[in-house]
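Colleague: Below are the sequence and a predicted model for it; my questions follow.
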Amino acid sequence: PLPAKLEDVALGWLRDVLGLPPETGVGFVTGATMANFTCLAAARHSVLKQAGWDVEADGMCGAPPVTVVVGEEAHPTLFKSLGLVGFGRNRVVRVPVDKQGRMRADMFPDLSGPTIVCLQAGNVNTGAFDPAPQIIPKAKAANAWVHVDGAFGLWAAAAPCKAHLMAGYADADSWATDAHKYLNTPYDSGLAFVRSPDVLQAAMAISAAYLPSSSTRDPANFTPELSRRARGIEVWAALHTLGRSGLADLVERTCRYAVRFAEGLRAAGYTILNEVMFNQVLVTFGDDERTRRVIAGIQRDGTCWCGGTTWQGQTAMRISVSSWATTDADVERSLQAMIRVASELA
């Protein structure tokens, strides 16, 4: 049917613009949480199969232990996914991070036995990327599976001036991202990429006497759901409309806007906590209480909307720029409103 064909077309485009291996398979899922879950289920299948265990048939009880390595600043949805897939949210090895939230390669542990390493491409607060060129070779030398949580950051590969941030990530085994972020599709548009479609299918496939069989790709064999909407249509439509150059411009333009926000707020005397390398900005307006008051004031003002966060123990305002509709004028007007509200609450 047409929805399945459009998914195939969109997959080819996605592999191209994101710089993923040509054999990569994909499951169109609800969002980054289910994308992480789907990829981790594939990882579970692979590492336990290598250990002689059929997890789909025999479950996790009695299975060989699997080591899961994450960074200290991994996103909460990754931990939720680890719990759902049976590894547990707390039974992980946490690698220390630097001030930007990047995993410290010099603190990366020695690996042995079935292992899954989870990297982050684009921290939700700072935009930072784990050092894949240093970590992935270590993981591969130990025969570990490497998964990438790239809800925001995976899209850096589509922009020539930001593609360097994704250096080394194509050597991973799976990647999770959201289309509702940089592609600006509606919610319920996650993408679970797995290097080996056979591994993804082994973890997700379903068969029943009443279900038709086909020699072509069956989307139901690559996602947790059997019954689902045709999510690939919005992804296909966004890519078809933007094209390669349009998507590159969207990423580069929003990253430029993030830099402008940081420069303007810093010039006004406020503290920028992160290295603005992607589309995220963290700013404080003094102590934690004052920062919270300014955030509330900006939200009441209504010119723009920014939320609060806590970064390594400090309250901050988080600016995240990813909308196709944002213009230079919007940025300048929003920046003026932020500075005005902050000065009024001084």
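Modeller: Thanks, I have the structure now.
Colleague: for whichever strand or helix holds D249, which positions count as buried?
Modeller: Per DSSP states H and E, D249 falls inside helix 232-267. Neighbour counts over helix 232-267 (16 or more other CB atoms under 10 Å) mark 232-236, 238-239, 242, 247-248, 250-255, 257-258, 260-262, 264-265 as buried. Glycine gets a C-beta too; all of them are placed from N, C-alpha and C.
Colleague: so C306 touches I319, yeah?
Modeller: Yes. Here C306 reaches I319: they are 5.3 Å apart, a contact under CB atoms under 8 Å.
Colleague: So for those two, which sits in the more crowded spot?
Modeller: Taking other CB atoms under 10 Å, C306 and I319 do not tie; I319 has more neighbours (25 against 18).
Colleague: Pretty sure the more buried one sits in a strand.
Modeller: Yes. Remark: I319 belongs to a strand, assigned using DSSP: H, G, I helix; E, B strand; the rest coil.
Colleague: Leaving out chain neighbours, which residue sits closest to it?
Modeller: V281 (4.0 Å; CB to CB, 6 or more residues apart in numbering).
Colleague: A strand includes that neighbour, no?
Modeller: Yes. V281 forms part of a strand when assessed by three-state DSSP.
Colleague: how close does it sit to V95?
Modeller: Here V281 is placed at a distance of 25 Å from V95 (CB to CB, to the nearest Å).
Colleague: okay, the two: which has more neighbours?
Modeller: V281 (28 against 24).
Colleague: Do I have it right that the more buried one meets G264?
Modeller: No. Look at V281 against G264 with CB under 8 Å: they stay out of range, at 10.1 Å.
Colleague: Not counting its neighbours along the chain, what's nearest the most centrally placed residue in the chain?
Modeller: Centroid-nearest residue in the chain: A151, 1.9 Å away (criterion: CA atoms, centre = their mean). Using CB to CB, 6+ apart and skipping residues adjacent in sequence, the residue nearest A151 is A32, 4.2 Å away.
Colleague: That neighbour contacts D149, doesn't it?
Modeller: Yes. Using CB under 8 Å as the test, A32 is close enough to D149 to be in contact (7.2 Å).
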